[in-house]
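Asks: Need the 3D shape of this:
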Amino acid sequence: MISACGGGSSSSSGLETGSSSSSSSSSSSSSSSSSSSSSSSSSSSSSSSSSSSSSSSSSSSSSSGSQGGGEQTITGCVDPYASNYDAQARYSDNSCSYQALSCSNVDHIVEPNTISVDNSKLNLPPGSVIGIRGGSRTILDIRNFQGTEQQPYLFSNCDAQVVLDTSDKPEAIKVRNSSYLRVTGTGAPQHYFGIKIETGTQGIRAYSKTDNIEIDHLEVSGVGIGIWIVTRPNCDGSLNRGAYHQQNLVVHHNYIHDVHGEGMYIGGSKWNGYFQNDGCPGEELYQADISGVRIFNNLVVNTGWDGIQVGGAEGSEIFGNQVKNYGLEQVSIHSAGMMINPGTSGKIFANYIENGFGAGIQAIGFDTSIYSNYIVDCQANAIHVGDRSPLPGQSFSILNNTIVNSMGKALHFNSQESVSNLFSNNFLVNNQDPTEIYKVTDNIEITNNISTTSLENFPPAGTSTLGLPGNVLTIENLTPVSGSALIDASIENTLVDVDLFFRPREPGVAMDIGAFESKSD
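Replies: The predicted model follows:
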């Protein structure tokens, strides 16, 4: 790991990447007015005026609860690199404040006319801070930086925002053959996204044996894929499954919008198959296993294909993200809000997903918990679960989600190879397919869900905002109000620990049905 910033632990590296309780949070700001629409409205503004030393885009309550023993703050600044780091916080509330990075105080400056930064030539020691001088520039090629867990390399904008316009190049930023490094846009406090990619074929691509990498505080638009991290197998076998294990791919606090392909493409899509390589035709080349994927507190709006795609990533965590207007190209196999590809397991929680051509969450991995998500206005099934050669004896747990206005089913469960699956404590509102919950076999228990065609008996608490400073979505807040049948009505489980707003949900304490918890207000 580059650092351990969750659960109150810290690292001398000063970088935010996340342990299993790593960092993230959406923020809630309930108003007292009632909203008539269950879908949300977007009020995104230009990020260039946002402050990196900002408070949350809307005030998130700093809740406390005994999670795993002892009092611990649920939300706060979880980045040890920030000036207001809270070692007790488990999830980010977007409140981190950063000092301006002067180009005069870095170990090496990348000037606007410098394209390649190759450490096989520079020989910068691990722990070096590399400043990317602010202003307009063309592509940036980072290669051969081998840091350590305690001394990662830090690439940051310095003096001002960096703006890349690379319309005639394959990638705006590429990182290859590198490990233990962070690419961050936190160097100019007047810009929440200190690195801005405006046009190009791809945004930032990390590949060719790049791992232990953190990417944060970037704005990416007008490209094919926003953030692309994948290492493909090669003919000599050194990057293939069994020989190479890719670890710790961490992406947070980025704003990706108006892209033609995926907002994020993390890991591969052929875990259960094999890659073809023109250099060794006919050979079966299987992608390396991946672990330690953490994707949190990102805002992804207007994607041609999937909003966030993750593949081959065991034990991944995807949380606190907002995805809106996905699958705009209407390519059926590339149109999910979140596409969880084969070989992926882990937790998907506290995400907001709105208005897309495909499923809100399509899970075709294994051993996955999906909880406290708010899915609105899908044009297909809200949650789709299927098989793609999963490991035997694995389960899906789909708990305490709120699903509103899906044109298809709330759940389409087509996994026949998993066992002991559970769909429980979900709040289902006005979903259009008469068969609201569909299952192929009896390997899933469906219990204690509340379904309604109207919110008349479940009035909203008002409206709230989610997103990142300067770029927010206004949503209908369905936190149960006094007297609601949702309150304290869940069957107890030990998986669900927070609600959509990262308010605590504690084992042994009755929790509300759906993605919103009322008692923590």
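
Asks: Output the contacting helices and strands for the longest strand seen in the chain.
Replies: Counting by DSSP state E, the longest strand found in the chain is strand 153-176. Counting contacts by 3 or more C-beta pairs under 8 Å, 6 or more residues apart in numbering; DSSP states H and E, strand 153-176 is packed against strand 129-137, strand 140-143, strand 179-184, strand 195-207. All C-beta atoms are positioned from the backbone trio N, CA, C, and that covers glycine.

Asks: so which strand or helix has residue 513?
Replies: Assigned by DSSP states H and E, residue 513 belongs to neither a helix nor a strand.

Asks: So it is in contact with residue 426, correct?
Replies: Yes. If you go by C-beta atoms under 8 Å, residue 513 and residue 426 touch, sitting 7.2 Å apart.

Asks: hang on, the earlier thing: tell me the most buried of the helices and strands packed on strand 153-176?
Replies: Using mean count of other C-beta atoms under 10 Å, the stretch among the helices and strands packed on strand 153-176 with the largest mean neighbour count is strand 179-184, at a mean of 25.

Asks: What helices and strands are in contact with that one?
Replies: strand 153-176, strand 195-207, strand 211-216.

Asks: May I have that strand as PDB, with CA atoms only?
Replies: Taking C-alpha atoms only, strand 179-184 is exported to PDB below (Å, rounded to 0.1, in the frame of the first residue of the first chain):
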ATOM      1  CA  SER A 179       5.100   1.500  -8.800                       C
ATOM      2  CA  TYR A 180       4.400   3.400  -5.600                       C
ATOM      3  CA  LEU A 181       3.500   6.800  -6.900                       C
ATOM      4  CA  ARG A 182       0.700   9.400  -6.700                       C
ATOM      5  CA  VAL A 183      -0.500  11.700  -9.400                       C
ATOM      6  CA  THR A 184      -2.500  14.500  -7.700                       C
END
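
Asks: what does that strand contact?
Replies: Contacts made with strand 179-184 from outside it, assessed by C-beta atoms under 8 Å, 6 or more residues apart in numbering, are listed as 2, 15, 17, 81, 126, 142, 145-149, 151-156, 173, 175, 194-195, 204, 209-218.

Asks: Quick one, which of those residues are buried?
Replies: Neighbour counting over the contacts of strand 179-184 (16 or more other C-beta atoms under 10 Å) leaves 2, 15, 17, 81, 126, 142, 145, 147, 149, 152-156, 173, 175, 194-195, 204, 209-218 as the buried ones.

Asks: where does the protein have low pLDDT?
Replies: 1-73, 520-521 (pLDDT under 70).

Asks: how far away is residue 355 from residue 335?
Replies: Here residue 355 is placed at a distance of 12 Å from residue 335 (C-beta to C-beta, to the nearest Å).

Asks: Which of those two has more residues huddled nearby?
Replies: Neighbours were counted for residue 355 and for residue 335 using other C-beta atoms under 10 Å; residue 335 has more, 24 against 21.

Asks: Roughly how far does that one sit from residue 315?
Replies: Separation of residue 335 from residue 315 (C-beta to C-beta) stands at 26 Å.

Asks: How about residue 490?
Replies: Taking C-beta to C-beta, one finds residue 490 at 25 Å from residue 315.

Asks: Counting neighbours, go ahead and name the busier of these two.
Replies: Neighbour count, other C-beta under 10 Å: between residue 490 and residue 315, residue 490 has more, with 21 against 15.

Asks: What about residue 486, how many residues nearby?
Replies: 23.

Asks: quick one on the thing from earlier: same list, the helices and strands packed on strand 179-184, but as JSON lines with distance to residue 233 please.
Replies: Listed next are these as JSON lines, based on distance: least, C-beta to C-beta, whole Å:
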{"stretch": "strand 153-176", "distance to residue 233": "15"}
{"stretch": "strand 195-207", "distance to residue 233": "12"}
{"stretch": "strand 211-216", "distance to residue 233": "14"}
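
Asks: out of those, which comes closest to residue 377?
Replies: Residue 377 lies closest to strand 195-207 among the helices and strands packed on strand 179-184, at 26.3 Å (C-beta to C-beta).

Asks: Now do stretch 432-446: distance from first to last residue.
Replies: End-to-end distance for stretch 432-446: 19 Å, by C-alpha to C-alpha, to the nearest Å.

Asks: Against residue 359, how distant is the closest residue in space to residue 436 that isn't next to it in sequence?
Replies: Once flanking residues are discounted, residue 436 sits nearest to residue 410: 5.0 Å by C-beta to C-beta, 6 or more residues apart in numbering. Using C-beta to C-beta, residue 410 is found at 11 Å from residue 359.

Asks: which residues do those two both contact?
Replies: Here residue 410 and residue 359 share the contacting residues 381-383, scored by C-beta under 8 Å, 6+ apart.

Asks: and of those, the nearest to residue 117?
Replies: residue 383 (42.4 Å).

Asks: Phi and psi next, for the closest one.
Replies: Backbone torsions for residue 383, taken as degrees, to the nearest 10, come to phi -130, psi 130.

Asks: got the buried residues for stretch 322-336?
Replies: Buried residues in stretch 322-336, counted by 16+ other C-beta under 10 Å: 322-328, 334-336.

Asks: swap that for stretch 160-177, sorry
Replies: Going by neighbour count (16+ other C-beta under 10 Å), the buried part of stretch 160-177 is 160-166, 169, 171-177.

Asks: do the same with stretch 431-444
Replies: The neighbour-count check on stretch 431-444 (16+ other C-beta under 10 Å) flags 431, 433, 436-437, 439, 443-444 as buried.

Asks: what about it, how long is it end to end?
Replies: 20 Å.

Asks: now what about that stretch, what contacts it?
Replies: Contact partners of stretch 431-444, identified using C-beta under 8 Å, 6+ apart, comprise 381-382, 396, 403-416, 418-423, 428, 446, 449, 451.

Asks: and with 6 Å instead?
Replies: Stretch 431-444 is contacted by residues 406-414, 416, 419, 421, 423, 446 when judged by C-beta atoms under 6 Å, 6 or more residues apart in numbering.

Asks: Now the two most distant members of those residues.
Replies: Spatial extent of those (C-beta to C-beta) is set by the pair 407 and 419 at 30.3 Å.

Asks: who are the neighbours in contact with residue 363?
Replies: Residue 363 makes contacts with 340, 385, as judged by C-beta under 6 Å, 6+ apart.

Asks: quick revisit: between the helices and strands packed on strand 153-176, which gets nearest to residue 292?
Replies: Across these, residue 292 has its closest neighbour in strand 179-184 (12.3 Å, C-beta to C-beta).

Asks: what's the angle between that closest one and strand 129-137?
Replies: Strand 179-184 runs at 40 degrees relative to strand 129-137, counting by axes from the mean of the first three to the mean of the last three C-alpha atoms, to 10 degrees.

Asks: Next, the angle strand 211-216 makes with strand 179-184.
Replies: 10 degrees.

Asks: Tell me how many other residues surround the closest residue to residue 75 other than its chain neighbours.
Replies: Residue nearest to residue 75 in three dimensions, not counting chain neighbours: residue 93, with 3.9 Å by C-beta to C-beta, 6+ apart. Close neighbours of residue 93, defined as other C-beta under 10 Å, add up to 32.

Asks: And residue 93, how close does it get to residue 470?
Replies: Distance of residue 93 to residue 470, given as C-beta to C-beta: 15 Å.

Asks: Do you have the helices of the stretch 1-150 of the chain handy? List them.
Replies: Ranges of helices in the stretch 1-150 of the chain, per DSSP state H, counting those that start in this stretch, are 119-122.

Asks: Since that was my last question, I'll sign off now.
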